[in-house]
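Sequence below, structure please.
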Amino acid sequence: MRRAVPLALGAMLGAGVFLGVAPAVSIAGPWTPFAVPVAALTAWCAASATRHQADSYGPTGAGYACVRDKLGVVPGRIAAGTGLFGHIAALTAVAGAAARYLPAPQSLTAAALPLLAVLLSTAGLRIRGAAGLLWLASTIAVLGVVIAACLAITPVDSPSISPQGPLAISGAAGVLFFVFAGFERLTASADRADRYSAAVLDRALPTVLLTAGAVLAVVLMVVSYQLGSARLALSPAPLLDALRAADAAALTSGVGAAAALVMLPVLLAVLESARSTGAALVSDGELPVLSRRAGPAGTSYPFDLALAAVAASLTLLLGPEQAVSIAACCLLVHYALVNAAARVLLLDGGKLPRRTACLGMGLSVILAMSMPVPAMAITLAVVVLVPVSAWSIPRLRGFGRGPRPDRPPEEHDVR
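This next block holds a predicted model:
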């Protein structure tokens, strides 16, 4: 548990807390804190589903494998497409936010960061053990400075904004789901060193989700306290603007540099999560055989490079706020299918896991349908284009469906 919690918390707090606050407040205004437990509950249901799927299908691409097996090839491709594009959008969002928090932000810096993450990953850099603890401690330290500064001075009166209709809280919860999306680091890690027993997960998952939710709620409240919901909704870098409003502008350079630094390992975590689905797609013959090639550290560098190249291109077209919404919407559709497949997988199991999967499926659909229209439109395009492309693009020779890594043949029919 000591290894599990820092890695998952570092991934959650190192991305979503710096990214998701402003776009969520722009949707729900002062009602945004009510969206935090909704997002956390949705993440809990998805984490429970992926945990059961990893037990049955092996951790490598477990969600995609279960959807394909239980719901069919087309839903499997949709789940894979939305999952991968959600991770690409997440790379775009984190890179863009890290570049914004730097003392001298540049647009080309954001484009370079995903490619830098691939280089570091191929070279063998991993955040493990003491490095995971240092990552989490640094993130908490940055947030602690911001919280203390915001509470140290009484803010000036700032205008508030009204929620955008009755679905405002669910829309904000959809955006904030991005904060909790690092749970697969616990439930379905493809790295043997990061696989945990059921007893560890029973303690670690609630600890991680509750802690991340509590920290997010505190940061949201203190930044809103200092800026007001109207200013916060328009802020490109909420934590830095909150420091300026709290008469602590002298701290912005140091806090900004530290915030950018703690976001860099998140890029590695996103690549690891996407690589798991990519490996399963290669095994099923859905991706070019080029993706089988690995670098010195064992990573599939052509696959990583393709993801990073698309993410780097998107940083020139999208701001982090738009990328967060797109990533969250795609991942919600992905986990709606994952929960639906888990419901079928658990037909012979206990009632609570089945009901959790049903609840997760419903929440994921509601939150995805409450997202901003551009995010829904792009997600819909992914849902439509991925299966069409899979049917229209001829397969390359050398493909063959084989057993998935870490999944012995006799486990294929495990229920």
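
Quick check: V219 touching L143?
Yes. The pair V219 / L143 is scored as a contact, 5.9 Å apart, by CB atoms under 8 Å. Using the backbone N, CA and C atoms, a C-beta is placed for each residue, glycine as well.

so what sits against both of these two?
Counting by CB atoms under 8 Å, 6 or more residues apart in numbering, the shared contacts of V219 and L143 are V17, L239.

for the helix or strand hosting L133, packing partners?
Following DSSP states H and E, one finds L133 within helix 130-151. Counting contacts by 3 or more CB pairs under 8 Å, 6 or more residues apart in numbering; DSSP states H and E, helix 130-151 packs against helix 4-13, helix 198-227, helix 238-245, helix 252-283.

ok, then the element right after it?
By DSSP H and E, the next helix or strand past helix 130-151 is helix 168-176.

Give the buried residues for that following helix.
Within helix 168-176, the residues that count as buried by 16 or more other CB atoms under 10 Å are A168, I169, S170, G171, A172, A173, G174, V175, L176.

what do you get for stretch 221-229?
Residues of stretch 221-229 classed as buried by neighbour count (16+ other CB under 10 Å): M221, V222, V223, S224, Y225, Q226, L227, G228, S229.

which two of those lie the greatest distance from each other?
Across the buried residues of stretch 221-229, the longest distance by CB to CB is 13.0 Å; it joins V222 and S229.

Quick one: residues contacting the one residue sitting closest to the centre of the chain.
Residue closest to the mean C-alpha point of the chain, counted by CA atoms, centre = their mean, is A181 at 3.7 Å. Under the criterion of CB under 8 Å, 6+ apart, the neighbours of A181 are M12, G16, A43, A90, A327, A328, L331.

residues in contact with the fourth one?
A90 is in contact with A15, F178, A181, V270, A323, A327, L331, counting by CB under 8 Å, 6+ apart.

How about the first one?
When contacts are counted by CB under 8 Å, 6+ apart, M12 touches V179, F180, A181, G182, F183, V208, A212.

10 Å instead, please
43, 136, 139, 178-183, 185, 208-209, 211-213, 215-216, 266, 269 (CB atoms under 10 Å, 6 or more residues apart in numbering).

next one: the fifth one
Contacts were defined as CB under 10 Å, 6+ apart; by that measure A327 touches 15, 19-20, 85-94, 175, 177-178, 181, 270, 320, 375, 379.

if you look at those, which of them are in helices?
Among these, the members found in helices (DSSP state H) are 19, 85-94, 175, 270, 320, 375, 379.

ok, how many other residues are close to A98?
A98 has 27 neighbours, counted by other CB atoms under 10 Å.

How about the one 10 residues further on?
Neighbour count for L108, taken as other CB under 10 Å: 11.

Kindly report the same for A123.
Based on other CB under 10 Å, the number of other residues close to A123 is 11.

What confidence value was assigned to it?
For A123, the model assigns a pLDDT of 78.

do A90 as well
Looking at A90, its pLDDT is 92.

Tell me the spacing between it and G174.
Distance of A90 to G174, given as CB to CB, to the nearest Å: 14 Å.

just G96 next, same as before
19 Å.

Which single one of the ones in helices among the contacts of A327 is nearest to A245?
A245 lies nearest to L19 out of the ones in helices among the contacts of A327, by CB to CB, at 19.4 Å.

you'd agree the closest one is up against P236?
No. The criterion here is CB atoms under 10 Å, and L19 misses it with P236 at 11.0 Å.

any residues in contact with both of these two?
Residues touching both L19 and P236 (CB under 10 Å, 6+ apart) are G96, A97, R100, P320, E321.
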